[in-house]
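1. Model the following, please.
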Amino acid sequence: MSSQFHIHSDQAQTQTELVATTYPSRVVIEGISPQVDGGRFPIKRIAGEEVVVRADIFAEGHDDLEAVVRYRPAGAAHWDEVWLERLGNDLWQGRFRPTQIGWYEYQVVAWVDHFASWYKGLGKKSEAGQDVENELQEGALMIQEAASRANRQDGQEGAWLIDRASLIEGKQAGNGRVAAALDPELLAKMTRHADRTHAQYSQPILKIQVERERARFGAWYELFPRSTGPSQDQHGTFRDLEARLPYIAEMGFDVIYLPPIHPIGRAFRKGPNNSLIAGPQDHGSPWAIGAPEGGHTAVLPELGTLADFDKLVDSTHRHGMEIALDIAFQCSPDHPWVKQHPAWFKHRPDGSIKYAENPPKKYQDIYPINFESSDWKGLWEALRDVFLFWVERGVKIFRVDNPHTKALPFWEWCLREVWDRDPSTIFLAEAFTRPKVMKYLAKSGFNQSYSYFTWRTDKQGLTEYFTELFQTDVADYMRPNLFANTPDILHEYLQTGGRPAFLIRLVLAATLGSTYGIYGPPYELSVGLPVKHGSEEYLDSEKYQLRHWDLNAPWSLRNSIGRINKIRRENPALHDTKNIRFFEVDNPHILCYGKATPDLKNLIITVVNLDPFHTQSGWVKLPVDELYLNGAGDGTYLVHDLLNDEQYIWSGASNYVILNPHEKPAHIFRARRKVRSESDFEAYE
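-> From the prediction side, this is the model:
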């Protein structure tokens, strides 16, 4: 059957109740994809994104089979169906698109198509000149039965089938009974109204978490609101950050991510560069959450009021962006919960609470929360309510601090609780930990995940890592957010490579993945000075003190960032991750990869010099036939460098590139093929 139309399966829904009390189905359904851990977790898709379902479907003997994949919003009364097509060797495939955010479910249904088997046999016997009277009577009976099923859904089609059964049975005058029985239109109608009494329904019913577009595509900009003040010594406010919005919007960002904005504890407050001794003017770490002014649902008074924050959220939306908040489930010794709910924390034998550690790092200014508390239900509900509080204030994106150090069952429960209430929420897991733990967090409901991108700086490492993330089943549930730097991570590559290194990593982050982020202004200003040799911590880190940045410095990358984000928005090939493909270059310091829309009308080829110190050159080899770049037959095509606004006519599979990291460390080409033989650029599409 063709897979070009959908049908409702009210009949199938009714018949699923019959399976347990009737003859067992002869059909076997195996190897359904996509699914995560046998259906234990949902796959992830964006509303409108295609789901391609494959399954091995077979039965004994040579009877014809038919199969559909049925899908619906979870809990809906009716299913929609798409026919599966045979790919050969008992492999079947079908496609559908969930259209709205929220939970969906899908299931493969397959059955023996007795009429199709009869139809095939009749054709062979008739062609051989054999007597087919019994076959015609048998077929007429099957058609009559199908007509009664069709009448429940489509009376007009049921009447058509009754008329055809009468003709084939011989009750009408005239010849042509065999021709009428072998009419392809009859076969199509009979397949639509097949008897599914003995159909096989795959179990379990599989789930899809259907998300909004921002879960897949977006550019994040992280900054500290307290460093947006007019001078080094003046604490920034929400109003100061609001004045900074045009600068951020001009660079083309979609999400403004703020570290914790809550009151900061005074006990064991950290000084500059993580000093254990803080002076009276030191502001401490925003991650030391909680003070007499409040905890996770309060704002630091120096930043302003909740009303000021609400105004910031509204203004951010008017600039076409969203606010993302950092949620860190930990408490300073001054947090109200410490006194109100002492059972929520682990106590040592002497009655004191042990501060947090990640050896060799020590966090004397925060207490970890005990997720195995005797009052764990009250604790879990209070933590869930933190998210819900900010959702009520218009925040729909959260970066969650160190979720891998909190109970995994908690995240499964909490994220589902929040997402069920508002499926537009997005959660980013900041978990630099073991791969299996990172993947489990993604399965548990985190829409995005930090990744090891920061530490992948060579060609082999980048190619292998992103092949795993984007071209295996990991892509069904885990979406990396490629942060090029964070307040905690200043990689050696950025420390030593200067401005070229920052531009190189920017291009990689923005084009390898569909979601990426930078911590600015240090990124656009190419700040690469560590607190000491061998450390990934910044010198004079904003985590512990105010900073004042010269946003108009002549070496700023702000224009390059704006151009790259514009390229991303204007080219839908860059809105996805699973479409990446790496191409051959005969230089280990040059990485080349491409992304294309399914129709190949938008094809982006990125070429990056990974060496921030030296000019590198080499031959790029493209599969021009597979990419349909030889459209006019003369072997030439246009590549337009969107980053540098330069155009080149390339010919054939191999073409030469040379990249000076101090002038032009990368190309972001949009490739266009000729559609006729003339040489003018208008001939390219």
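2. Could you use CA atoms for every contact and neighbour count after this?
-> Will do.
3. Can you give me the domain assignment for the protein?
-> What automatic domain parsing lists as the domains of the chain is 6-210, 236-574, 579-683.
4. Ok, which of these comes nearest residue 218?
-> In terms of Cα to Cα, the element of those nearest to residue 218 is domain 236-574, at 4.8 Å.
5. Provide the secondary structure category for residue 504.
-> Put simply, residue 504 is helix when judged by DSSP: H, G, I helix; E, B strand; the rest coil.
6. I figured it was touching residue 608, is that so?
-> Yes - contact criterion Cα atoms under 8 Å: residue 504 and residue 608 qualify, at 7.0 Å.
7. neighbour count winner among the two?
-> residue 608 (25 against 21; other Cα atoms under 10 Å).
8. so how far is residue 636 from that one?
-> Counting by Cα to Cα, to the nearest Å, the separation of residue 608 from residue 636 is 22 Å.
9. Ok, residue 627 next?
-> According to Cα to Cα, residue 627 and residue 636 sit 13 Å apart.
10. Among these two, which residue is more densely surrounded?
-> Neighbours were tallied for residue 627 and for residue 636 using other Cα under 10 Å; the higher tally belongs to residue 636 (21 against 14).
11. thought the more buried one was touching residue 671?
-> No - contact criterion Cα under 8 Å: residue 636 and residue 671 do not qualify, at 10.8 Å.
12. residue ranges with poor pLDDT in the stretch 51-200 of the chain?
-> 154, 172-175 (pLDDT under 70).
13. got it, and the chain?
-> 1-22, 154, 172-175, 631-633, 675-685.
14. Apply 90 and report the result again.
-> Along the chain, segments meeting pLDDT under 90 span 1-24, 150-157, 170-176, 197, 232-233, 348, 351-352, 354-364, 630-635, 673-685.
15. Which strands or helices does the longest strand seen in it pack on?
-> When the chain is parsed with DSSP state E, its longest strand is strand 102-112. Counting contacts by 3 or more Cα pairs under 8 Å, 6 or more residues apart in numbering; DSSP states H and E, strand 102-112 packs against strand 65-73, strand 200-201, strand 206-211.
16. Could you check the angle it makes with strand 65-73?
-> 160 degrees (axes from the mean of the first three to the mean of the last three Cα atoms, to 10 degrees).
17. Next, the angle from strand 102-112 to strand 206-211.
-> Going by the same axes, to 10 degrees, strand 102-112 makes 150 degrees with strand 206-211.
18. Strand 102-112 pairs with which strands?
-> Taking DSSP bridges as the criterion, strand 102-112 sits next to strand 65-73 (antiparallel), strand 200-201 (antiparallel), strand 206-211 (antiparallel) in its sheet.
19. Ok, which of the ones you listed comes nearest residue 571?
-> Closest among the strands paired with strand 102-112, using Cα to Cα: strand 206-211, at 20.8 Å.
20. Using CSV, list the CA coordinates for the helix or strand following that closest one.
-> For strand 206-211, the following helix or strand on the C-terminal side (DSSP states H and E) is strand 218-222. The C-alpha coordinates for strand 218-222 follow below in CSV (Å, rounded to 0.1, in the frame of the first residue of the first chain):
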residue,chain,number,x,y,z
GLY,A,218,19.1,28.3,19.5
ALA,A,219,22.1,30.5,20.4
TRP,A,220,22.7,31.1,24.1
TYR,A,221,24.5,34.0,25.7
GLU,A,222,25.6,33.7,29.4
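21. Summarise which helices and strands strand 218-222 is packed against.
-> Looks like strand 218-222 contacts strand 255-258, strand 515-519 (3+ Cα pairs under 8 Å, 6+ apart).
22. The longest one pairs with which strands, parallel or anti?
-> As defined by DSSP bridges, the strand partners of strand 515-519 come to strand 218-222 (parallel), strand 482-483 (parallel).
23. One more: the first one?
-> The pairing partners recorded for strand 255-258 under DSSP bridges are strand 218-222 (parallel), strand 322-327 (parallel).
24. Make a markdown table out of the ones you listed and add distance to residue 527.
-> Shown next, in a markdown table, are the strands paired with strand 255-258 (distance: least, Cα to Cα, whole Å):
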| stretch | distance to residue 527 |
| --- | --- |
| strand 218-222 | 15 |
| strand 322-327 | 23 |
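25. Out of those, which is closest to residue 516?
-> Going by Cα to Cα, the one of the strands paired with strand 255-258 nearest residue 516 is strand 218-222, 5.3 Å.
26. Show residues contacting that closest one.
-> 248, 252-259, 510, 514-520, 565 (Cα atoms under 8 Å, 6 or more residues apart in numbering).
27. for the stretch 1-150 of the chain, what spans make up the strands?
-> Here the stretch 1-150 of the chain has its strands, by DSSP state E, counting those that start in this stretch, at 6-8, 28-33, 43-46, 51-58, 65-73, 80-83, 85-88, 91-96, 102-112.
28. Including mean neighbour count and distance to residue 39, could the strands paired with strand 255-258 go into TSV?
-> Listed next are these as TSV, based on neighbours: other Cα atoms under 10 Å; distance: least, Cα to Cα, whole Å:
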stretch	mean neighbour count	distance to residue 39
strand 218-222	24	29
strand 322-327	23	29
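29. So which of those is nearest residue 497?
-> Here strand 218-222 is closest among the strands paired with strand 255-258 (Cα to Cα), at 21.7 Å.
30. Buried residues, the helix or strand hosting residue 309. List them.
-> Element membership for residue 309 (DSSP H and E) is helix 306-318. For helix 306-318, a neighbour-count test (16 or more other Cα atoms under 10 Å) marks 306, 309, 312-316 as buried.
31. And that helix, what does it pack against?
-> Contacts defined by 3+ Cα pairs under 8 Å, 6+ apart place helix 306-318 against helix 238-250, strand 322-327.
32. Now do it and strand 322-327, the angle between them.
-> Calculated by the same axes, to 10 degrees, helix 306-318 forms an angle of 130 degrees with strand 322-327.
33. Shouldn't residue 658 be within a helix?
-> No - per three-state DSSP, residue 658 lies outside any helix segment and is strand.
34. Could you find the closest non-adjacent residue to it?
-> Excluding the flanking residues, the one nearest residue 658 by Cα to Cα, 6 or more residues apart in numbering is residue 617, at 4.1 Å.
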